[in-house]
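Q: Kindly return the folded structure for what I paste below:
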Amino acid sequence: MRAVLDPNIIISGLLSPSGAPAQTLRAWQDGRFSLIASPALLDELARALAYPKLRKRIPKPSADAVLDLLGRGAVIADDAPDPPQRSADPGDDYLLALAERRRAVLVSGDRDLLALKDRYPVFTAGEFLDWLDRAS
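A: Got it, this is the predicted structure:
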């Protein structure tokens, strides 16, 4: 099983260690699924983790450690050069394209992406965890 985690899921997991996003990160670390990432995803995550508002709650050494862990532990796939527009936010389309190209599900907390779950395999972190439990 393969999954792409929207950077908002990763950040949420770092901010709230008991919530579904954190449990999703632990499920990956426990080997329950393969994490798919890309240069664009890692860049977006790095930019977000550098925001002053987040830096107050996730110090630079912790942010760097997470980026290093993802860079070494995830399957890094190439980004689609021009992903088709599917989401109300075109900045999210690369995530859909990445999941589609790697035959993975997309786990997100983004309303624009979750609105597409009738057409694409997009799950909240809680839904994804339930799906993992049913699949094992």
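Q: the strands in the protein, which residues?
A: Taking DSSP state E to define them, one finds strands in the chain at 2-5, 34-37, 75-76, 105-107, 122-123.
Q: D110: neighbouring residues, count only.
A: The local packing count at D110 equals 21, with neighbours defined by other CB atoms under 10 Å. (Glycine included, C-beta is placed from N, CA and C.)
Q: likewise G91?
A: Using other CB under 10 Å, G91 has 11 neighbouring residues.
Q: still on that earlier bit, out of the strands of the chain, deepest packed?
A: strand 105-107 (a mean of 26; mean count of other CB atoms under 10 Å).
Q: give the contact list for L45.
A: Contacts were defined as CB atoms under 8 Å, 6 or more residues apart in numbering; by that measure L45 touches P7, I10, I11, V66, L67, L70.
Q: What distance do you get for it to W131?
A: 23 Å (CB to CB, to the nearest Å).
Q: cool, S16 as well?
A: S16 sits 21 Å away from W131, going by CB to CB.
Q: ok, E44 touching L5?
A: No - under the criterion of CB atoms under 8 Å, E44 makes no contact with L5, lying 11.5 Å away.
Q: before we move on, back to that, looking at S16 and W131, which is more packed in?
A: Counted by other CB under 10 Å, S16 and W131 do not tie: W131 has more neighbours, with 17 against 11.
Q: Excluding chain neighbours, give the residue nearest to the more buried one in space.
A: The spatially closest residue to W131, leaving aside those adjacent along the chain, is F123, at 6.5 Å (CB to CB, 6 or more residues apart in numbering).
Q: beta partners for the one you found?
A: Taking DSSP bridges, one finds V107 as the beta-bridge partners of F123.
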